[in-house]
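In: Need a 3D model of the following:
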Amino acid sequence: MAANGRESMRIAVLAGGTSSEREISLASGANAARALEQAGFGVVKLVDTGNSSFIDTLTGGSFDCAFLALHGAMGEDGAMQGLLEVLRIPYTGSNVAASACAADKELSKLLYARAGIPVAPGCAIERGNDYDVDEIVKIVGGECFVKPAVNGSSYGISLVKDPSELPRAIEHAFEYGEKVLVERRVRGTEVTVGVFGDDAHLRALPIVEVCVQNEGAEYYDTSVKYIDPSKLHRIPAQISPELYQRTEELACAAHRALGCLGISRSDFIVTPEGPVILETNTIPGMTDTSLYPDEIRHTSDLTFPEVCAGLVDMAIERAGA
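Out: Predicted coordinates:
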């Protein structure tokens, strides 16, 4: 879309919501709204989907597109995408099916494996079902991560170093959802890779190495996730050229395996044998300290406003509007 055509467009930036990531989403939405204004869109309205009247705002706002800056349940899992389909409002990012697949870590692992993307051994437990700690240990080994299978931003996650800790960790994860994923702890370099573009021009952004040890953390949890990125993010990641290229390829492969559209960010542990994928976010954080905007800052040909505008352009084109 030509930049001069944006002056007449009305964009609703959907943020907030009701998930455990509400506050981060509001910050992402505010940052995206500023970027869209800088890109020249005429009317940019921040809409909090945690407000019960948000549907009335959408239906009465004559919006040309909804920009999704929602994280977690009822925002990143396909629910909001389905509503926007019903309301016939074009929206940024992945569709209902891809959003739902990416949000469910058990399902996404099945799709990764089918696409030949290495995953960590693990198992899923649904609320109310019995589980055997010894059987879990046979699958995941002595150290593992326990996490909600459908949630984001590291809420409810535990690092388990002894099998005796598993029941408590599983119950903690159940506080955030109906299904829990237990995965072997994979040791290596933790990285994340943003992906941007349509199918014909899909590209990986500069790879970020997440240096949690700088802040005394053992893994990338909520205690370090939103501090000054200069303290945690090493760009480009300090891995071999061969592993760097392979990680870029797998990030794009994960994007395609899930059916993502426009934007995603996949997390990996890079071992000497190669990258192992952890998960894919279909609506990455967009705050000043988030990983995805930091990757954009380290490109030579993209700005955050250009990326946000590009996502709107792709949404309009996909909808045939």
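In: need the contact list for residue 239.
Out: 189, 191, 207, 209, 247, 270 (CB atoms under 8 Å, 6 or more residues apart in numbering). Where C-beta positions appear, they are placed from N, C-alpha and C, glycine not excepted.
In: what kind of secondary structure is it in?
Out: Following DSSP: H, G, I helix; E, B strand; the rest coil, the label given to residue 239 is coil.
In: And the pLDDT for it?
Out: Note on residue 239: pLDDT of 97.
In: swap in residue 220?
Out: For residue 220, the predicted pLDDT is 56.
In: that older thread, among the contacts of residue 239, which are located in strands?
Out: 189, 191, 209, 270 (DSSP state E).
In: Next, count neighbours for the last one.
Out: I take that to be residue 270. Neighbour count of residue 270, defined by other CB atoms under 10 Å: 23.
In: isn't it right up against residue 188?
Out: Yes. Assessed by CB atoms under 8 Å, residue 270 is found in contact with residue 188 at 5.0 Å.
In: what's the overlap in contacts for the two?
Out: residue 276.
In: Could you dump the contacts of residue 239 into CSV and include pLDDT and distance to residue 183?
Out: Converted to CSV, the contacts of residue 239 look like this (pLDDT from 0 to 100; distance: CB to CB, whole Å):
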residue, pLDDT, distance to residue 183
189, 95, 17
191, 97, 17
207, 98, 22
209, 95, 21
247, 98, 19
270, 98, 16
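In: could those go into CSV alongside distance to residue 180?
Out: Listed next are those as CSV, based on distance: CB to CB, whole Å:
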residue, distance to residue 180
189, 26
191, 25
207, 29
209, 28
247, 27
270, 26
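In: number of nearby residues for residue 6?
Out: 18.
In: Can you tell me how far it is from residue 205?
Out: Counting by CB to CB, to the nearest Å, the gap from residue 6 to residue 205 is 23 Å.
In: quick one: which of the contacts of residue 239 is nearest to residue 42?
Out: Nearest to residue 42 out of the contacts of residue 239 is residue 207 (CB to CB; 35.9 Å).
In: number of nearby residues for the nearest residue to that closest one once chain neighbours are set aside?
Out: Distances taken as CB to CB, 6 or more residues apart in numbering put residue 237 closest to residue 207, at 4.3 Å, once the chain neighbours are dropped. Neighbour count of residue 237, defined by other CB under 10 Å: 22.
In: hang on, residue 237 packs against residue 208?
Out: Yes. With contacts counted by CB under 8 Å, residue 237 reaches residue 208, the gap being 6.3 Å.
In: so what sits against both of the two?
Out: By CB under 8 Å, 6+ apart, the residues touching both residue 237 and residue 208 are residue 191.
In: Closest to residue 77 out of the contacts of residue 239?
Out: residue 191 (24.6 Å).
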